[in-house]
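> from the sequence below, what's the structure:
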Amino acid sequence: MKAPIMFLGRPAFRLVCCCAFLFPPVFLHAGSAPTVFNVRDFGAAGDGTHLDSPAIDKTIAAAAAAGGGTVLIPAGTYLSGSIHLRSNIHLLVDAGATILGAPQDLNVYDETEPYSFGGYQDGGHCYFHNSLIWGENLTNVFITGNGLISGGGLVRSDGMLDKMCGYTTWNKPDSAAKTNYPPVRLGNKAIALKLCKNVLIRDVTIFHGGHFAILVTGCDNLTVDNVTMDTDRDGIDIDCCRNTMVANCRINSPNDDGLCPKSTYALGEIRPTENLTIVNCQVSGFEVGTLIDGTMKPGKNHNGRIKFGTESSGGFRNCTVANCTFRSCRGLALEEVDGGIMDNITINNITMMDVPDYAIYITTGNRNRTPNLATNSRARNILISNVIAEGVGKMSGIQIMGLPEQPLEGIRLENIRLISKGGGTRQDAAIMPKELGNGYPEPGKMGTLPAYGIFARHVRDLELANITTSFATNDLRPAASFADIDGLEIDNFKPQAADGVSAAKFSGDVRNLTVRNSPLVK
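Okay, here's the model as predicted:
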């Protein structure tokens with residue numbers, strides 16, 4: 001028998017609607033545990049004066065004890081030391097809310113944890129607990145919301161941390177370095193996650209993030225989406241992570257790297273960064289704060305790039321970068337110098353404006369900052385396509401450099417338009433660039449190159465197709481220079497060349513050369 005259908009008269013209907021408005025439904029988990037835990041209910045003041053991180057931690061603990069849930073940080077300013085994440089927690093920084101890093105003299109950042117793997121990377125990569133927000137060995141970690149994480153009292157330096165882990169030089173660690181320093185409360189990271197799984201960081205804005213706005217090391221299944229970082233050192237470092245997606249982010253970091261995949265020895269093991277996708281991102285080197293306020297004032301140091309490396313003990317595999325813009329910063333850098341392998345890398349649809357020093361830099365080296373290393377640094381199977389780079393500095397355009405004993409393998413560049421500022425002299429054209437060797441892998445260390453467009457050396461199977469190079473100011477260097485290449489194919493190369501200057505220069509050790517549809521190349 002079907003239940004009778006009941007119709008309410010207008011007075012009764014109005015009463016039901018009023019009750020629904022006055023007493024909205026409360027959604028509960030099984031056992032009547034609330035899904036949303038408001039930090040105000042646990043003692044947070046949100047006035048920017050009282051220290052609120054203990055109340056935030058108490059809220060997180062309550063949510064974790066209930067099996068998980070959302071920790072809501074509503075509008076207000078929450079002065080904080082270290083905030084301790086837990087598994088199955090969604091930290092929601094709502095619109096109008098600011099998590100503000102406390103001054104160092106309050107001593108409210110956690111002490112650095114013990115570290116014993118040696119200083120094969122700088123100290124900032126060795127310690128995680130001295131951060132504004134951190135978590136280790138967690139599952140299901142979510143940090144979202146339209147609020148602000150402001151570093152406030154975070155510092156950008158890590159000199160003491162370098163000493164603590166034995167990292168004393170840009171090259172190899174000092175085996176005799178003192179590493180028994182006491183722990184310190186040097187807060188220098190906004191968000192640090194180590195060995196976590198199923199991580200989402202979305203929609204938040206990070207301002208003045210210290211040494212790292214976001215540092216993720218050894219994390220699996222990580223998504224960073226629609227995050228804005230306007231900071232004084234690195235934006236986000238993705239270190240030894242697997243299955244990572246970074247999308248729709250705006251990263252301004254004039255004094256250091258913007259979006260930086262790495263593979264350090266910080267975990268005490270060789271672990272590559274692999275299955276990485278970076279799409280629809282913007283990197284820049286404007287003055288700090290001028291991305292957020294919209295003025296976009298050019299900075300002095302012009303870092304802010306996408307850079308693979310320098311730390312590269314484990315290498316990089318199966319990585320894609322697509323649909324990204326570079327502005328007022330250095331160009332794309334692919335660096336493998338610590339004995340790992342860079343393999344299966346695709347870069348597609350990139351635009352660059354006002355890029356000092358260089359547009360594209362691919363290099364291997366033998367800095368070898370990895371323990372018990374028995375292999376050379378290697379790079380192979382790299383495809384870079386559909387790139388427009390305008391306002392490229394005089395120093396160089398595209399650098400592709402392997403090792404004499406270990407050439408790069410299988411490199412293809414296609415559909416590229418490079419416009420250099422020019423200004424090179426005949427003396428510049430006669431330069432013989434030194435080998436990188438065990439030096440720090442930065443184009444500035446190599447200096448001005450003898451070609452304004454492309455310089456390639458120590459490569460096996462190099463393909464260049466549909467490439468146009470030109471200059472704004474007369475340049476007396478060739479557009480391209482090649483040395484020690486085995487298997488060089490050039491198709492539809494359209495270089496601008498000054499009067500009396502060859503479009504391309506080939507040394508005697510270029511072998512198996514094929515040139516098509518490139519009448520200026522002789």
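
> please enumerate the strands of the stretch 151-300 of the chain.
Assigned by DSSP state E, counting those that start in this stretch, the stretch 151-300 of the chain shows strands spanning 189-194, 197-202, 205-207, 212-217, 220-225, 228-230, 234-239, 242-247, 250-252, 259-262, 273-279, 282-284.

> of all the ones you listed, which one comes closest to Leu383?
strand 273-279 (14.8 Å; CB to CB). C-beta here means a position set from N, CA and C on the backbone, and glycine is covered the same way.

> for that closest one, packing partners?
On a contact count with 3 or more CB pairs under 8 Å, 6 or more residues apart in numbering; DSSP states H and E, strand 273-279 meets strand 234-239, strand 242-247, strand 259-262, strand 316-327.

> can I get the CA coordinates of it in CSV?
What follows is strand 273-279, C-alpha atoms only, in CSV (Å, rounded to 0.1, in the frame of the first residue of the first chain):
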residue,chain,number,x,y,z
THR,A,273,61.5,12.9,-9.5
GLU,A,274,59.2,11.2,-12.1
ASN,A,275,55.8,11.3,-13.7
LEU,A,276,55.7,15.1,-13.3
THR,A,277,53.3,17.3,-15.3
ILE,A,278,53.6,21.2,-15.2
VAL,A,279,50.9,23.0,-17.2
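
> list the pairing partners of the longest strand seen in the chain within its sheet, with orientation.
Determined from DSSP state E, the single longest strand within the chain is strand 454-473. Paired strands of strand 454-473, with direction, are strand 398-401 (parallel), strand 408-422 (parallel), strand 480-495 (parallel) (DSSP bridges).

> tabulate those (TSV), appending mean neighbour count, mean pLDDT and distance to Cys260.
Formatted as TSV, the strands paired with strand 454-473 follow (neighbours: other CB atoms under 10 Å; pLDDT from 0 to 100; distance: least, CB to CB, whole Å):
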stretch	mean neighbour count	mean pLDDT	distance to Cys260
strand 398-401	26	98	19
strand 408-422	21	98	21
strand 480-495	20	98	29
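
> out of those strands, nearest to Arg271?
strand 408-422 (23.0 Å).

> who does the spatially most central residue of the chain bridge with?
Central residue of the chain (CA atoms, centre = their mean): Leu259, 2.0 Å from the mean position. Residues in a beta bridge with Leu259, per DSSP bridges, are Ile236, Ile306.

> related to what we said a few turns ago, would you reformat the strands of the stretch 151-300 of the chain as a markdown table and include mean pLDDT and distance to Thr70?
Below are those laid out as a markdown table (pLDDT from 0 to 100; distance: least, CB to CB, whole Å):
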| stretch | mean pLDDT | distance to Thr70 |
| --- | --- | --- |
| strand 189-194 | 98 | 18 |
| strand 197-202 | 98 | 13 |
| strand 205-207 | 98 | 19 |
| strand 212-217 | 98 | 21 |
| strand 220-225 | 98 | 17 |
| strand 228-230 | 98 | 22 |
| strand 234-239 | 98 | 24 |
| strand 242-247 | 98 | 22 |
| strand 250-252 | 98 | 25 |
| strand 259-262 | 98 | 28 |
| strand 273-279 | 98 | 27 |
| strand 282-284 | 98 | 29 |
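
> rewinding a little: export the helices and strands packed on strand 273-279 as JSON lines, with columns for distance to Ile201.
Shown next, in JSON lines, are these (distance: least, CB to CB, whole Å):
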{"stretch": "strand 234-239", "distance to Ile201": "9"}
{"stretch": "strand 242-247", "distance to Ile201": "10"}
{"stretch": "strand 259-262", "distance to Ile201": "13"}
{"stretch": "strand 316-327", "distance to Ile201": "18"}
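
> and of these, who's closest to Thr310?
strand 259-262 (7.7 Å).

> other SSEs contacting that closest one?
For strand 259-262, the elements it packs on are strand 234-239, strand 273-279, strand 307-308, judged by 3+ CB pairs under 8 Å, 6+ apart.

> check the offset of it from the chain's centre.
Between the centre of strand 259-262 and the centre of its chain there are 4 Å (CA atoms, centre = their mean, to the nearest Å).

> just the CA atoms of that strand, as PDB, please.
As requested, the backbone C-alpha atoms of strand 259-262 are provided in PDB (Å, rounded to 0.1, in the frame of the first residue of the first chain):
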ATOM      1  CA  LEU A 259      59.300  26.300 -10.100                       C
ATOM      2  CA  CYS A 260      62.100  23.900  -9.400                       C
ATOM      3  CA  PRO A 261      62.000  20.100  -9.700                       C
ATOM      4  CA  LYS A 262      64.900  18.500  -7.900                       C
END
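
> His90: which of the strands of the stretch 151-300 of the chain is closest?
strand 197-202 (8.5 Å).

> the residue nearest to Ser157 when sequence neighbours are not counted and Phe128, how far apart?
Counting by CB to CB, 6 or more residues apart in numbering, Ser157 lies nearest to Asn188, which is 6.8 Å off, once chain neighbours are set aside. Distance of Asn188 to Phe128, computed by CB to CB, to the nearest Å: 11 Å.

> contacting residues for the residue nearest to Asn517 when sequence neighbours are not counted?
Nearest residue to Asn517, sequence neighbours excluded (CB to CB, 6+ apart): Asn492, at 4.4 Å. Contact analysis of Asn492 by CB atoms under 8 Å, 6 or more residues apart in numbering lists 465-467, 516-518.

> try it again at 7 Å.
Taking CB atoms under 7 Å, 6 or more residues apart in numbering, we find Asn492 in contact with 465-466, 517-518.

> now restrict those residues to buried residues only.
Listed as buried from these are 465-466, 518; burial here means 16 or more other CB atoms under 10 Å.

> quick one: which of the strands paired with strand 454-473 is nearest Thr273?
Nearest of the strands paired with strand 454-473 to Thr273, taken as CB to CB: strand 408-422 at 19.0 Å.

> for the chain, what are the low-confidence residue spans?
Residues of the chain meeting the criterion pLDDT under 70: 1-34, 169-179.

> and the helices in it?
10-22, 53-65, 159-165, 426-429, 443-446 (DSSP state H).

> may I see the buried residues of the third one?
Going by neighbour count (16+ other CB under 10 Å), the buried part of helix 159-165 is 161-165.

> same deal with the second one?
For helix 53-65, the neighbour count (16+ other CB under 10 Å) marks 53-64 as buried.

> same deal with the last one?
Along helix 443-446, the positions that meet the burial threshold by neighbour count (16+ other CB under 10 Å) are 443, 446.

> what residues does that helix touch?
Contacts of helix 443-446 with the rest of the structure, by CB under 7 Å, 6+ apart, involve 357-358, 361, 395-396, 399, 433-434, 439.
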